[in-house]
Each structure stands twice: as C-alpha cells, then as structure tokens.
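Engineer: Sequence first, then the predicted structure:
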Amino acid sequence: NAGVTQTPKFQVLKTGQSMTLQCAQDMNHEYMSWYRQDPGMGLRLIHYSVGAGITDQGEVPNGYNVSRSTTEDFPLRLLSAAPSQTSVYFCASSYGALTSGVSYNEQFFGPGTRLTVL
Amino acid sequence: AQKITQTQPGMFVQEKEAVTLDCTYDTSDQSYGLFWYKQPSSGEMIFLIYQGSYDEQNATEGRYSLNFQKARKSANLVISASQLGDSAMYFCAMKRVRGAQKLVFGQGTRLTINP
C-alpha cells in the first residue's frame, strides 16, 4: 500500500494563477479531507468528503474547490491563487463509520504539499 | 463549536525524563474523540494515540499515554522515558465520534529533548 500520496511536494505560483493539488489513497477509505497548516498554527480543515460524489466545506473553504469522482482521488483546486494561500497542504483519509471491523478513528495523512504564492 | 487549547508553545526536557503535554478542549457534544499527533521536522503527521469520550480507561500506546479528565475537559499526553527522537511538534485534536472526520487542532507544542 502506498497509503496517502500527494503531488506535487513543492509548488511556487504567481498571484492569479490556478492549479490543482493531487491527493490519492489506495486503502479504500470513505472519508477524505484537505487541511492547511500555517506557521505557528495547527491544521485547519478546508474541505472534506464522506464518499464519492459527496463533498462539503470545512473551516476555511474560500478560494478552494474540490470534487470526488472516485473513492481514490480527492483533488484540491486553487482557482486564483493569492499570497494568503501560501501554506502547507495536507490530505488525509480514513475509514467511514459504516466500515465494520476496523477503527475509523485514525486519519492517515499524506506527506504534504508546500505551496508558495508570490 | 469545538475548540482545542494547547498552552505550552515550547518545552525542553532532559532525555529519559517523563514529559506531560497539556491539552484542554471545549465542546457541547456528548460523544467525541481526542487525538494526539506528532510532527517531526520532516513535516509528516504521525498518529500517536486516541481516546474516546466514553472510554473508561486512559488510552496507552507504548511510551505514550493519554491522561483523560473528562470533568476538567483535559486530555494531556504523557511520554515516558523521553528519547532524542521525541523532539517534534505535538498537536492535540478532537472530532465528533460519528460522522465525517472533521478534526479540530490545537496550535501545537514544540518539544525539545536535550541529551
């Protein structure tokens, strides 16, 4: 199992550019989430998904879009990058509450994408 | 709304000593879960331990234990016999037990283990 993978690891954008951060998991997890981590702060939830075709907003959704067309993939789109979006982005996944026989408590995190917007 | 507070921005401990990292939380939910994550300088998030609000015993995982005091709304992490490799940022987090995994994180504590 590769676990949760994220690409790219590093990215530099200019203000106004758009891009997609990729996230994939091979554990058949129902739940997937995107968080951002700013210096001196804990992670904050951007968007999350409880299954293919179902997404919802987290604490800081503005400026980001998501979609979940498959169980495995959960891309995060920056529509028009701003310097305030300079951050480290983490994707995470976990089993859903309806998956029997496993702990649905642990979230598995990807390695992160460090994004700088100039 | 849920909130996590970690009041220790940084801690310095001698190797082999035990260390307690503080975490207090606020929630109106009756069922919730509490987590601790470790983030070394390499940046990845490593799950350490979980405590459910209805668990009667404190969670333990190897050298890690969670001192859960429900009435005081605290969930402190205790690391016994600290090692140099324990130097890292530590985050306390919580979520509702049911439903999507929407974690709320504290600001973290930077732990430094001195030889």
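Structural biologist: Great, that's in hand.

Engineer: Can you tell me who the residue of chain B found nearest chain A pairs with across the strands?
Structural biologist: Residue nearest to chain A within chain B: B:F105 (3.1 Å; C-beta to the nearest C-beta). Bear in mind the C-beta positions are built from the backbone N, C-alpha and C, glycine included. Taking DSSP bridges as the rule, B:F105 bridges to B:A93.

Engineer: Contact partners for the most centrally placed residue in chain B?
Structural biologist: With distances taken as C-alpha atoms, centre = their mean, B:W36 lies nearest the centre of chain B, 3.4 Å away. Applying C-beta atoms under 8 Å, 6 or more residues apart in numbering or on different chains to B:W36 gives the contacts B:L21, B:C23, B:L48, B:I49, B:Y64, B:L66, B:A75, B:L77, B:Y90, B:F91, B:C92, B:A93.

Engineer: do A:I54 as well
Structural biologist: Per C-beta under 8 Å, 6+ apart, neighbours of A:I54: A:R68.

Engineer: for the one 10 residues further on, same thing?
Structural biologist: Residues touching A:Y64, when contacts are defined by C-beta under 8 Å, 6+ apart, comprise A:W34, A:I46, A:H47, A:L76, A:R77, A:L78, A:L79.

Engineer: Can you tell me which of those residues has the most neighbours?
Structural biologist: The most crowded member of the contacts of A:Y64 is A:W34, carrying 29 neighbours; neighbours defined as other C-beta atoms under 10 Å in any protein chain shown.

Engineer: Make sure that residue is actually in contact with A:Y48.
Structural biologist: Yes. Counting by C-beta atoms under 8 Å, A:W34 does reach A:Y48; the two are 7.3 Å apart.

Engineer: Pull up the overlap in contacts between those two.
Structural biologist: By C-beta under 8 Å, 6+ apart, A:W34 and A:Y48 have these common neighbours: A:G58.

Engineer: Beyond the helix or strand hosting the residue nearest to the centre of chain B, next helix or strand please.
Structural biologist: Element membership of B:W36 [criterion: DSSP states H and E] is strand B:32-39. Sequence order places strand B:46-52 as the next helix or strand after strand B:32-39, per DSSP H and E.

Engineer: buried stuff in that next one?
Structural biologist: B:F47, B:L48, B:I49, B:Y50, B:Q51 (16 or more other C-beta atoms under 10 Å in any protein chain shown).

Engineer: Likewise for stretch B:88-108?
Structural biologist: Result for stretch B:88-108 [16+ other C-beta under 10 Å]: buried residues B:88-96, B:100-108.

Engineer: ditto for stretch A:28-39
Structural biologist: For stretch A:28-39, by 16+ other C-beta under 10 Å, it's A:H29, A:E30, A:Y31, A:M32, A:S33, A:W34, A:Y35, A:R36, A:Q37.

Engineer: What about chain B: which of these touch it?
Structural biologist: Among those, the residues within reach of chain B (C-beta under 8 Å from any C-beta of the partner chain) are A:Y31, A:S33, A:Y35.

Engineer: Hmm, the first one is touching A:V50, no?
Structural biologist: Looking back up the chat, that one is A:Y31. Yes. Contact criterion C-beta under 8 Å: A:Y31 and A:V50 qualify, at 5.7 Å.

Engineer: Leaving out the residues flanking it, which one is nearest to the residue in chain A positioned nearest to chain B?
Structural biologist: Closest residue of chain A to chain B, C-beta to the nearest C-beta: A:G42 (3.1 Å). Counting by C-beta to C-beta, 6 or more residues apart in numbering or on different chains, B:F105 is the residue found nearest to A:G42 once chain neighbours are left out, at 3.1 Å.
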